[in-house]
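In: okay, sequence plus prediction incoming.
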Amino acid sequence: MFASLGVFVSQVGTPTTTPITTTTTVPKGPLGLPGAVTDAAQNIPGSNVLLTVVKGLSGWGIILALGALVIAAIIWAWASFTSNQGQISQGRRGVLVAAAATVIIAAGPTLVGWAWGLGQQVKAN
């Protein structure tokens, strides 16, 4: 990604012309996060319980967001049937917000892993 922008990595004291590449594979740990993140988290007392709670919360969040999606779709359909423009707008907005929430919750670990990998590529001068 950065290689196409012409950004180069330099090590301390000796500049190089090696472009940053994003092809490195980071081993995954619990929650889909990179292994280094979860290894660092496992050094904290009680982190296993916290990881279990986070997994449960994300599961419940997806279930609730999908429920909200169904309810908003029903409101949108009923409002369309009755030609109620205000309710149509609210139902449509509810469907979009619930769908976006589901995608964000489901993609959260992947986004954090991507940001972690990107941050690991930055070298201090």
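Out: Thanks, I have the structure now. Numbers count the residues shown, from 1 in each chain.

In: tell me the pLDDT of residue 119.
Out: Looking at residue 119, its pLDDT reads 82.

In: and what of residue 36?
Out: pLDDT, residue 36: 56.

In: likewise for residue 94?
Out: Per the predicted model, pLDDT is 96 at residue 94.

In: ok, it to residue 64 distance?
Out: Distance from residue 94 to residue 64, counting by C-beta to C-beta, to the nearest Å: 13 Å. Placement of C-beta: from N, CA and C, glycine included.

In: which of those two has more residues huddled nearby?
Out: Neighbour count, other C-beta atoms under 10 Å: between residue 94 and residue 64, residue 94 has more, with 18 against 14.

In: show me the contacts for that one.
Out: Contact analysis of residue 94 by C-beta atoms under 8 Å, 6 or more residues apart in numbering lists 68-69, 71-72, 75-76.

In: name the element it belongs to?
Out: Per DSSP states H and E: residue 94 is located in helix 85-120.

In: in that helix, what's buried?
Out: The neighbour-count check on helix 85-120 (16 or more other C-beta atoms under 10 Å) flags 88, 91-92, 94-95, 98-99, 101-102, 105, 108-109, 113 as buried.

In: now these in TSV, with distance to residue 122?
Out: Formatted as TSV, the buried residues of helix 85-120 follow (distance: C-beta to C-beta, whole Å):
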residue	distance to residue 122
88	47
91	44
92	41
94	40
95	39
98	36
99	33
101	31
102	32
105	28
108	22
109	21
113	16
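
In: of those, which is the nearest to residue 82?
Out: residue 88 (9.2 Å; C-beta to C-beta).

In: surely that closest one and residue 79 touch.
Out: Yes. Contact criterion C-beta atoms under 8 Å: residue 88 and residue 79 qualify, at 4.4 Å.
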